[in-house]
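**Student:** need a structure here:
(one chain, ligands or ions: 1)
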Amino acid sequence: MERKQCAATNARGQPCAATIVLSSGYCRAHDPAYAEDRRRSAARNGMTARDPELAEIKRGLKRLTDRAEAGDVDHERIDLLVRVARARVYTIKTDSEIARHALEVRELEDAYDRLLSDYEALRDGKPTTIGTGGWYLRRGAEE
Ligand SMILES: [Zn+2]
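**Tutor:** Coordinates of the predicted model:
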């Protein structure tokens, strides 16, 4: 059996070593058809990981901890600041979840559009968005 290899090159300029190669000749990570999926999941992962406001809140809590440990502190004021920080974190979390859900809805809408146009293409004997099989049929066969 012929050993397939992904047609792409990696960041160091060497051929991609992936052995699970799709009908496009690329692995899932390099297949141009999945570029939008990759961009979206990167956006999704980056959304919560490096929020500058969260970083600022963390620094503030660290300062409060240091001050509380130093003694001679206004406990009521520290308690208030901690509660404010908690409320800010909750707001950030909620914003992030709303954005993530909006992204998921858009992905589902796009998937629906692709399915519909592939269905119509198959029905009319025309080429689908990806080859003759349709992306969802191909996914089922290769994953
Ligand atoms: Zn590859």
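**Student:** how about the helices in the protein?
**Tutor:** Counting by DSSP state H, one finds helices in the chain at the ranges 35-49, 52-70, 75-124, 135-142.
**Student:** and those helices, which is most packed in?
**Tutor:** For the helices of the chain, the stretch with the most neighbours on average is helix 135-142, a mean of 14; neighbours defined as mean count of other CB atoms under 10 Å. Every C-beta, even on glycine, is put in place using the N, C-alpha and C of the backbone.
**Student:** With mean pLDDT and distance to the ion added, can I get the helices of the chain in JSON lines?
**Tutor:** Below are these laid out as JSON lines (pLDDT from 0 to 100; distance: least, CB to the ion, whole Å):
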{"stretch": "helix 35-49", "mean pLDDT": "70", "distance to the ion": "12"}
{"stretch": "helix 52-70", "mean pLDDT": "91", "distance to the ion": "33"}
{"stretch": "helix 75-124", "mean pLDDT": "89", "distance to the ion": "22"}
{"stretch": "helix 135-142", "mean pLDDT": "47", "distance to the ion": "14"}
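**Student:** Of those, which is nearest Cys16?
**Tutor:** helix 35-49 (14.1 Å; CB to CB).
**Student:** Grab the most central residue of the protein for me.
**Tutor:** The centroid of the chain falls nearest to Ser41 when counting by CA atoms, centre = their mean (1.8 Å).
**Student:** In contact with that one, which residues are there?
**Tutor:** For Ser41, no residue counts as a contact, taking CB atoms under 8 Å, 6 or more residues apart in numbering as the criterion.
**Student:** And the helices of the chain: which comes nearest Thr19?
**Tutor:** Shortest distance between Thr19 and the helices of the chain, using CB to CB, is found for helix 135-142: 12.4 Å.
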